[in-house]
Each structure stands twice: as C-alpha cells, then as structure tokens.
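Novice: sequence unknown, structure follows:
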C-alpha cells in the first residue's frame, strides 16, 4: 500500500530516486580524485561474504642459473596470502513531510522538490566519503571506512588489513619526514627544495613501469611545488582528474608522469604539510553489489507511525583496500616551523 493514498503522489519519491540514484557512483567518484581514478581503471569491485579478502603477492620465485647436469631446486614457497578487511556501512537520509508534498500540487511540482532533497543527500554522501578518505577508520566508533591515514600512515607500524606491519616489512608503505630524511637537499619544503624532494621520493619508489601516478598535495606543498615550477614550463593536466575541474599539475621525473592534485580547500581533511604518493592500481574500492548507493526501503520508503512524513535512506557498504604497499608513500614535515 502506498504511503500516500492520493494517486497523484504515489511513488513520487521512488520515481525521483530512480531517476538519479543509478548514477550516484559517478557522482561520488567525480567529486573525489582517488575514487575517480579507481573508477576509470575498473577498480570499483564487488565482494561477497562477511569479510573482504584481498589476495596479495608476497614473494616471487627466484631465478636459477645453471649449466649441464646441475640440479635445479624447487623448494616450497608461499607466493600468495590474503589481507582481510571488514566492510563498513553508511547511509544518508531523505525525508519529506506531507505538508511539503501537499504544498506542491501535481507531480510536475513535486519532483523538483524531491530532486533538491536528493541533491542535498548526494552532497552529504560525497562530503562524508571525502572526509573518510583521509581518516584512520576510527570515526563513528570504528564504523568508518579506513582511509589514507591508516593505509599510508606517518609511521607504518600499524595493523592494516589484518596484517601487522611491525612483523612484515613487505606490507609497509614508504614514509619520509622532511625534517630529517633529506639532509643533502634541505629540511624545509619550499620552492628551492620541492622538485628535488619529489624526485627523490618518486625515484626510490619506482620499479620498471610501476610508480605512484597520483600525488595528493596539501596547500603548503602544492604552493611550494607550484612556485618551484614557475620559472620553467609548468605543465597542467586537463586529462585524468583534471578534466573534472580539479586543480592539477603534471609531475615529470624519475618515476615517469603523475598527476599532482590540490588537496587543500575549505573543509578539506587533508593533513597540512603532507603529500600522499599513490599508485592507484594498488587500491580497490570494494562494495557489496546489493548496497551500492541503493535505497534501503522499497518504493517510496517508510511512513513513521506517529509522523505525517515519508522517510527513505540511500546506503553503501564496502571498504577501501590495498593490494601492494611498495609504491605508496607519505611525505610529511614533523617540524614545519623549524
């Protein structure tokens, strides 16, 4: 039975949601550079079961050089193992009072009102996921997705994906403190040191064709790199996430090419004096196929027993996961005022 007995208003909320919700993944990824990069590479992937298991290549067979009748060794070797992640759930509410509906007579007037509520929900969902992207996963009593602060921490000795980085160096990401790790370049990140420091970090985390391809720079690091390249031909990137209107530059150096993305701005949760170097191929956005920006209730939604209103939620379930830490780096300044 519809929540509103007036046939002119039946299914108006579900109609408005159906019109827009199929593109919510695009809406979210278009607003967040890392999520957009994953979407373009087909790395929004489904999962099933109570845990998200991510298969890792933890070792490689060793080459053997031999001659004639030399014996060839074939020792048992564990090449693969799994990291596991607990999926997280999120929802944004959409609600309308019957007073609001009845004050907009006719479906043509109601649907625009619905769209405004849905746009507000889209904005809330996008901003919430963007905040969580930089989190350590402890928000909301640990119910938040694990973002860059846990995946690429300043001190990579944490437990991540069920693996203790203190016990397994192969699972550690790179970490550099500008104050101490570049004595031959300098202890400040400014226009005279920015390019050299970026070159050093990229060079040390490149192997063949694999290297960071997305660089998140805080306001301070962006401005320093921007000033460092003013005297030469500065290259902007209008492809990649630059096509979406993000402020981007193109880095060219020992690691090849990468997009440098402005991570500052009003309301940004990007840590100050920080740069994240990310190999997007090694991240995954894993989601439950039955809860990928889908409505929680059928039809219009639910009508509270003691309120004259319609309530609906749009939900998502999943987690941001990693497959290889070798090409991810955090560059930070422990004492920017020194």
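Specialist: Thanks, I have it. No experiment lies behind these values; they were computed from the predicted model shown.
Novice: Am I right that residue 271 is in contact with residue 134?
Specialist: Yes - at 7.0 Å, residue 271 counts as touching residue 134 under the criterion of CB atoms under 8 Å. All C-beta atoms are positioned from the backbone trio N, CA, C, and that covers glycine.
Novice: which neighbours do the two share?
Specialist: Both residue 271 and residue 134 are contacted by residue 149, under the criterion CB atoms under 8 Å, 6 or more residues apart in numbering.
Novice: can you count the residues close to residue 97?
Specialist: Around residue 97 there are 12 other residues, counting by other CB atoms under 10 Å.
Novice: confidence score at the residue lying closest to it once chain neighbours are set aside?
Specialist: By the measure of CB to CB, 6 or more residues apart in numbering, the closest residue to residue 97 outside its immediate chain neighbours is residue 309, 4.6 Å from it. If you check residue 309, the pLDDT there is 79.
Novice: Please apply the same query to residue 117.
Specialist: In this model, residue 117 is scored at 74, pLDDT.
Novice: Report the residue spans of the stretch 151-300 of the chain with pLDDT below the cut-off.
Specialist: 231-247, 266-267, 299-300 (pLDDT under 70).
Novice: where along it do the strands fall?
Specialist: All strands of the stretch 151-300 of the chain, identified by DSSP state E, counting those that start in this stretch, fall at 159-160, 163-164, 174-177, 214-217, 248-253, 256-262, 274-278, 283-295.
Novice: follow-up on the earlier one: just confirm the residue nearest to residue 97 contacts residue 95, I think it does.
Specialist: Yes - Residue 309 lies in contact with residue 95 (CB under 8 Å); the separation is 5.8 Å.
Novice: Which SSE is immediately downstream of the longest helix out of those in the chain?
Specialist: Longest helix in the chain, counting residues (DSSP state H): helix 107-133. Using DSSP states H and E, the helix or strand that follows helix 107-133 in sequence is helix 139-142.
Novice: Show me what that next one is packed against.
Specialist: Counting contacts by 3 or more CB pairs under 8 Å, 6 or more residues apart in numbering; DSSP states H and E, helix 139-142 packs against no other helix or strand.
Novice: what does it contact?
Specialist: residue 132.
Novice: So what's the gap between that helix and the chain middle?
Specialist: Averaging C-alpha positions (CA atoms, centre = their mean, to the nearest Å) puts helix 139-142 18 Å from its chain's average.
Novice: swap in stretch 25-44?
Specialist: With CA atoms, centre = their mean, you get 8 Å for stretch 25-44.
Novice: Surely residue 43 and residue 279 touch.
Specialist: No - counting by CB under 8 Å, residue 43 does not reach residue 279; the two are 11.3 Å apart.
Novice: Pick out whichever of those two has more residues nearby.
Specialist: residue 279 (23 against 18).
Novice: Excluding sequence neighbours, find me the nearest residue to that one.
Specialist: residue 327 (3.6 Å).
Novice: ok, now how distant is the one you found from residue 187?
Specialist: 26 Å (CB to CB, to the nearest Å).
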